[in-house]
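K.L.:
Need the 3D shape of this:
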Amino acid sequence: MLRTLKHKWRSAEAAALIESIADSMAQDGVFASNAQQFGFKIVDGAFKARPELFDGRNGHMPHRVAYAATALALTAERAPADGQLFSAVMIALGKILQAAHAMAVSLPLSPQDLMLMNAAGEVFERLANEGELSTFN
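P.N.:
Sure, this is the predicted structure:
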């Protein structure tokens, strides 16, 4: 039961982080959806797809930043590359990876968190390099 409560708390933190990024994107004019709903759907969808990454069954509950980045990366891999969801997720993933890199020294990330962050970064790099973010396609 404690693990379930901790997971719900951590998923709420990750969703709030994604919501905050989406709010920032909305202020920049690149996001027009409900930011709160966006954060929740990203986290919920990722958990349903790969619960073993998030629920602590391996003895590790991801840090909220690692949770959010992993959820965004999983969503990016599943989203149609020509859709608005893909673009919004990739922008949000780029922002969270950039912020995490800038704050790397002060973030209390475990080795498992770093593994998740690296995997999310690899997904971002692969999808970006495939030209799916180019406006010149």
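K.L.:
Verify the contact between A79 and F86 for me.
P.N.:
Yes: with contact defined as Cβ atoms under 8 Å, A79 reaches F86; the gap is 4.0 Å. Where C-beta positions appear, they are placed from N, C-alpha and C, glycine not excepted.
K.L.:
If we go by neighbour counts, what in the helix or strand bottoming out on mean pLDDT in the chain is buried?
P.N.:
Least confident helix or strand, the chain: helix 2-27 with a mean of 89, by mean pLDDT, DSSP states H and E. For helix 2-27, the neighbour count (16 or more other Cβ atoms under 10 Å) marks 7, 10-11, 13-22, 25 as buried.
K.L.:
you'd agree A92 is up against L72?
P.N.:
Yes: between A92 and L72 there is a contact at 5.6 Å, judged by Cβ under 8 Å.
K.L.:
hey, what's in contact with both of these two?
P.N.:
I18 (Cβ atoms under 8 Å, 6 or more residues apart in numbering).
K.L.:
any low-confidence regions in the chain?
P.N.:
Counting by pLDDT under 70, the chain has low-confidence residues at 1-3, 131-137.
K.L.:
Helices of that one, start to end?
P.N.:
With DSSP state H as the criterion, the chain has helices at 2-27, 35-49, 64-78, 84-102, 111-129.
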